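Asker: Sharing a model prediction with you, sequence too.
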Amino acid sequence: MPLYTTDALILRTYKLGETDRIVVFLTRDRGKKRGVAKGARRSRSRFGAALEPLTRGRVAYFEKERRELVSLNYVEAERSPMQAADGDALGHVGYFAELIDEWAPEGDPNERLFRLGASVVDALVLGVPIGPLARYFEYWLLRLQGVYPSHVACGRCGADFVSQPQPGACLQPGERVFTCWSCARGGSGTGAVRGGPLSLDALRFLDEAAATGPDRLGGVPFPARAARELEAVHRALIATHLEKELKSARVLREMQP
Ligand SMILES: [Zn+2]
């Protein structure tokens with residue numbers, strides 16, 4: 001029964017029996033795993049608070065042949081989102097963890113996804129504003145899956161979004177590409193546009209997100225209108241690709257003033 005030690009991000013836990021928990025975690029090098037943490041629900045458990053979602057740390061586990069569940073030996077927290085002082089930031093922890101869980105297939109190594117999650121936890125703890133950080137996370141998560149549309153040129157006619165008579169982009173409901181305003185109107189210039197717009201400010205934020213680490217987002221312009229546009233467009237893209245809305249996303253929206 002081999003023992004593996006690796007860096008991991010805790011994604012979520014479930015109760016198991018009277019005293020144990022099942023832990024879903026994303027390892028740096030061996031993909032997503034599910035394991036049993038024996039005694040994790042006892043008051044003086046060796047796992048302590050290390051099983052909170054988005055905790056990053058060293059994890060050791062035993063893997064048995066032909067068993068889907070591994071057996072957790074220890075979790076040593078190195079960075080916990082609980083270190084973030086901001087309540088709004090803490091409210092997003094479950095959302096980020098649920099998104100990673102939804103997009104990470106079991107046992108499929110994806111080190112870039114692990115690094116994205118780890119860098120976002122670091123940024124949360126550093127106090128990076130949660131608005132731009134959440135949009136950054138969604139952008140990169142979708143991009144790493146290869147499904148974030150080009151934010152530079154129209155997915156239909158190829159025209160770039162900046163030098164159009166009406167600059168900016170548009171996401172029509174259910175679509176997987178951004179289009180220019182002309183294509184969104186069916187080329188006639190008169191058709192109704194139902195989709196979410198992305199103004200030049202929103203497109204500029206995406207330029208920055210593509211080139212910047214999450215720890216630098218505090219210095220990136222993030223006007224309120226661009227923030228609203230990106231939130232709506234990302235929600236639509238995620239719902240289209242996952243074919244559902246996440247529970248944690250709904251909770252977050254209900255918490256907003
Ligand atoms: Zn077009």
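Answerer: Received it, and whenever you're ready, just let me know what you need. Numbering: from 1, shown residues only.
Asker: Show me which residues of this protein sit near the ion.
Answerer: 154, 156-157, 159, 180, 183 (Cβ under 5 Å from the ion). Where C-beta positions appear, they are placed from N, C-alpha and C, glycine not excepted.
Asker: Kindly reformat the residues you listed as TSV containing neighbour count and secondary structure.
Answerer: Below are the residues of the chain next to the ion laid out as TSV (neighbours: other Cβ atoms under 10 Å; DSSP: H, G, I helix; E, B strand; the rest coil):
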residue	neighbour count	secondary structure
C154	22	coil
R156	15	coil
C157	11	coil
A159	15	coil
C180	24	coil
C183	20	helix
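Asker: Mind putting the residues you listed into JSON lines with pLDDT?
Answerer: As requested, the residues of the chain next to the ion are arranged in JSON lines below (pLDDT from 0 to 100):
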{"residue": "C154", "pLDDT": "96"}
{"residue": "R156", "pLDDT": "94"}
{"residue": "C157", "pLDDT": "95"}
{"residue": "A159", "pLDDT": "95"}
{"residue": "C180", "pLDDT": "94"}
{"residue": "C183", "pLDDT": "91"}
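Asker: For D201, state which of the residues you listed is nearest.
Answerer: C180 (16.9 Å; Cβ to Cβ).
Asker: doesn't Q164 make contact with the closest one?
Answerer: Yes: in this structure, C180 is within contact of Q164 by Cβ atoms under 8 Å, at 5.3 Å.
Asker: residues touching R79, list them.
Answerer: Neighbour list for R79: 55-57, 118, 121-122, 125 [criterion: Cβ atoms under 8 Å, 6 or more residues apart in numbering].
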